[in-house]
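Chemist: Provided below are the primary sequence and the corresponding predicted coordinates.
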Amino acid sequence: MPAEAKVVHDAVHGSVVFTHHFQDVLNTPEMQRAGQIHQLGLANLVFPGANHTRLEHMIGTFYLATRFGASLELKEHERLMLLASALLHDIGHPAFSHTFETLIEERLHMNHMEITASIIKGEFDILPEGERKRIGNAISIPECLEALELSPREVASVVVSEHGVSGLPPYITSLIHGPVDVDQMDYLMRDSHYTGVAPGRVDADRIIQTSEIKGKRMVIRRGGIPAIEGLIVSRILMNTAVYFHKTVRIAELMLTRAVESLGREELSQVIRDTDASLMCRLAQAGGYAADIALRLKYRRLLKPSLVLSIADMSEEQRKALAEDIRRKRIREMEREISSKAGLQEGYVLIDTSHPEYIEGKDVRGKTEVPILDDNGKIVSLTKLSSIASAIQRHPRQEYAVLVACEERHRERVRQIAKRVLF
C-alpha cells in the first residue's frame with residue numbers, strides 16, 4: 001500500500017484503500033453531504049437497521065471498481081476513469097435518495113444523474129446558499145479530477161451515459177450502469193446486510209473472477225452463470241421484500257406529497273437538502289407538510305385500504321389501469337376518491353406497478369448479460385438461463401395497485417376506490 005494511502009473500514013467489504021488524490025475527492029463537501037442521506041430513503045421505518053448512507057454506498061462501489069480494474073487489467077487511464085466514476089456516481093442525490101425523484105423530474109426537469117454530472121463539471125453547487133463560505137475553502141471536485149489527469153467532463157459523461165462515451169471502450173460505462181455493474185452489486189450486498197434480508201446476497205468474488213474483456217465488451221464466462229443468476233434473482237427478491245415493500249412505498253408517497261405541497265420555488269431549494277434539513281423544512285412549512293413530517297417522525301403511517309395483484313384483475317381492468325398510468329391519471333383518481341370519501345386531499349394515496357408488467361409483457365434490461373460461451377461466441381444470458389428469461393416477466397412488486405388512507409377510513413375508501421379505479 002502506498003505510504004500516502006488511507007484505509008476506510010467498510011461494514012460490507014472490509015478495508016477500502018484510498019490514495020491521496022481519491023482521499024481529496026472523499027473529503028469534498030459534496031461527498032460528505034452524501035453521508036447525511038439515507039441510501040434506502042424511508043426503509044428504516046420497516047427495517048430498523050437500514051440507516052446506511054449514500055456515502056457508504058459510493059465507497060463500496062469504489063471498492064468493487066478497484067477489484068474489477070485489477071482483475072480485468074485495465075490500462076491506467078481507464079482504471080482511474082472507472083474509479084472516479086464509481087466514487088462520484090451518486091453525489092447528486094436529493095434527500096432520502098430516490099423517494100421523490102420523479103417529482104423533481106416532473107417539476108424541475110432534472111434528475112439526480114444530471115445534477116451529479118453538473119456537480120462533477122463544477123457547474124452546479126449542491127450545498128445550500130452560504131454554507132460553502134462558512135466551512136472555508138475546500139478543494140473542488142473538478143480540481144481533484146484534474147490532479148488525477150482526468151477530464152471532469154469525461155467523468156460526468158461516464159456517469160450519465162448508458163450507451164457509451166466517445167473515446168472510451170464500452171466496458172467502462174457498462175461497469176457503472178450495465179447489466180453487471182459495480183453500482184447494483186454494492187447496493188444489493190449493502191442493502192441486504194443492513195436490512196437483514198438474506199436474498200440480497202451476491203457472490204461478487206465469483207462474478208469478478210469470471211469476467212473478462214472480449215473486444216470492447218465486458219463479458220462473463222459460462223462458469224459464472226450461477227453467480228449472475230444469483231445477482232438478478234437477488235435484485236428481484238430485494239425489489240419485492242425491501243424496495244417495493246408496501247409500508248415503505250406508503251411512507252415514500254407520503255413524503256413525496258408533503259414535498260410537492262411546498263411549491264415549485266421552494267422545491268428548487270429542496271434538492272440541496274439533506275434528510276435532516278428537509279424534515280426541518282417540512283415541519284416549518286406548517287399545514288399538510290408539517291403533519292406528514294410529524295407522522296413520519298413517529299411512524300404514524302397511512303394503511304393499505306385496497307391491494308390488488310395482477311391475478312385479482314380481469315384483462316380489461318389491467319388494460320384500463322395501464323392506460324390510466326400512462327396518461328398520468330393516478331393523481332386525479334386520488335383526488336376523486338378523497339372527494340367522494342369526504343377526506344382531505346393528500347390522505348388517500350395510490351401506488352401502481354409498471355404498466356408493462358400489469359399488461360403481462362416482458363421487460364428487458366439487466367437480464368441481458370453477455371455470456372462468453374465455450375465456443376468463444378457471446379450469447380445473451382436469457383438464451384442460456386431459464387431463470388433470467390422468467391425474471392423478465394416478474395413484476396417489481398407483489399401488487400398491481402395499492403390504495404392507502406388513514407386506518408379509520410379503510411373500508412369506506414376501499415369501496416369507493418374500486419368504483420373509481422374500474
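Modeler: Everything's here; your move.

Chemist: can you get me a residue count around Arg397?
Modeler: Small correction: residue 397 is Gln, not Arg. For Gln397, the neighbour count with other Cβ atoms under 10 Å is 19. In short, each C-beta sits where N, CA and C put it, glycine included.

Chemist: helix, strand or coil for it?
Modeler: coil (DSSP: H, G, I helix; E, B strand; the rest coil).

Chemist: and for it, nearest residue in space, chain neighbours not counted?
Modeler: Leaving aside its sequence neighbours, Gln397 sits nearest to Phe244 (Cβ to Cβ, 6 or more residues apart in numbering; 3.5 Å).

Chemist: how much space separates that neighbour from Leu301?
Modeler: Phe244 sits 16 Å away from Leu301, going by Cβ to Cβ, to the nearest Å.

Chemist: likewise for Ile232?
Modeler: From Ile232 to Leu301 the distance is 31 Å (Cβ to Cβ).

Chemist: so what's the spatially most central residue of the chain up against?
Modeler: By Cα atoms, centre = their mean, the chain has its centre lying nearest to His98, at 5.5 Å. Neighbour list for His98: 41, 112 [criterion: Cβ atoms under 8 Å, 6 or more residues apart in numbering].

Chemist: surely it is in a helix?
Modeler: No: under three-state DSSP, His98 sits outside any helix and is assigned coil.

Chemist: the longest helix in the protein is where?
Modeler: helix 54-71 (DSSP state H).

Chemist: check the offset of that one from the chain's centre.
Modeler: Mean C-alpha position of helix 54-71 versus that of the full chain (Cα atoms, centre = their mean, to the nearest Å) differs by 16 Å.

Chemist: need the contact partners of the helix or strand just after that helix.
Modeler: With elements assigned by DSSP states H and E, the helix or strand that comes after helix 54-71 is helix 76-88. The contact list for helix 76-88 (Cβ under 8 Å, 6+ apart) reads 22, 25-26, 31, 58-59, 61-62, 64-66, 68-69, 74, 116, 119-120, 141, 145, 148-150, 154-155, 158-159, 168-169, 172, 175-176, 182-183.

Chemist: re earlier: for the longest helix of the chain, list every residue counted as buried.
Modeler: 54-69 (16 or more other Cβ atoms under 10 Å).

Chemist: just stretch 108-124 next, same as before
Modeler: Residues 110-121, 124 are the ones in stretch 108-124 that count as buried (16+ other Cβ under 10 Å).

Chemist: make TSV from those residues and add distance to Glu212 and pLDDT to it.
Modeler: Putting the buried residues of stretch 108-124 into TSV (distance: Cβ to Cβ, whole Å; pLDDT from 0 to 100) gives the following:
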residue	distance to Glu212	pLDDT
Met110	37	88
Asn111	33	89
His112	32	89
Met113	28	91
Glu114	33	92
Ile115	34	94
Thr116	29	95
Ala117	30	95
Ser118	35	96
Ile119	33	96
Ile120	29	97
Lys121	33	97
Phe124	38	94
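
Chemist: tell me the one among those nearest to Ser380.
Modeler: Distance to Ser380 across the buried residues of stretch 108-124 (Cβ to Cβ) is lowest for Met113, with 25.8 Å.

Chemist: who touches the closest residue to the closest one other than its chain neighbours in this structure?
Modeler: Spatial nearest neighbour of Met113, excluding adjacent residues (Cβ to Cβ, 6+ apart): Val160 at 4.8 Å. By Cβ under 8 Å, 6+ apart, Val160 lies in contact with 113-114, 116-117.

Chemist: for burial, what's the neighbour tally of the residue nearest to Gln397?
Modeler: Neighbours around Phe244, by other Cβ under 10 Å: 19.

Chemist: what about the strands in the stretch 101-250 of the chain?
Modeler: Taking DSSP state E, counting those that start in this stretch as the criterion, the stretch 101-250 of the chain contains strands spanning 211-214, 217-221.

Chemist: winner for burial among those strands?
Modeler: Mean neighbour count, computed with mean count of other Cβ atoms under 10 Å, is highest for strand 217-221 among the strands of the stretch 101-250 of the chain, reaching a mean of 20.

Chemist: now do it and helix 54-71, the angle between them.
Modeler: Strand 217-221 and helix 54-71 are oriented at 80 degrees to each other (axes from the mean of the first three to the mean of the last three Cα atoms, to 10 degrees).

Chemist: neighbouring strands - and their directions - for strand 217-221?
Modeler: Partner strands for strand 217-221, per DSSP bridges, with pairing direction: strand 211-214 (antiparallel), strand 370-372 (parallel).

Chemist: ok now it, how far from the chain's centre?
Modeler: Per Cα atoms, centre = their mean, the displacement of strand 217-221 from the mean C-alpha position of its chain is 24 Å.

Chemist: next one: stretch 277-294
Modeler: The answer for stretch 277-294 is 24 Å, by Cα atoms, centre = their mean.

Chemist: ok, now stretch 213-224?
Modeler: Its chain's average C-alpha position is 26 Å from that of stretch 213-224, according to Cα atoms, centre = their mean.

Chemist: neighbouring contacts of that stretch?
Modeler: Applying Cβ under 8 Å, 6+ apart, the contact partners of stretch 213-224 are 72, 169-171, 174-175, 178, 180, 206-207, 209-212, 227-228, 369-374, 378, 381, 384.

Chemist: keeping just the C-alphas, turn stretch 112-121 into CSV.
Modeler: Extracted in CSV, the C-alpha atoms of stretch 112-121 (Å, rounded to 0.1, in the frame of the first residue of the first chain):
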residue,chain,number,x,y,z
HIS,A,112,-30.1,13.0,-9.9
MET,A,113,-27.8,11.8,-12.7
GLU,A,114,-27.9,15.2,-14.5
ILE,A,115,-27.4,17.0,-11.2
THR,A,116,-24.4,14.7,-10.5
ALA,A,117,-22.9,15.4,-13.9
SER,A,118,-23.3,19.2,-13.3
ILE,A,119,-21.6,18.9,-9.9
ILE,A,120,-18.7,16.9,-11.3
LYS,A,121,-18.2,19.5,-14.0
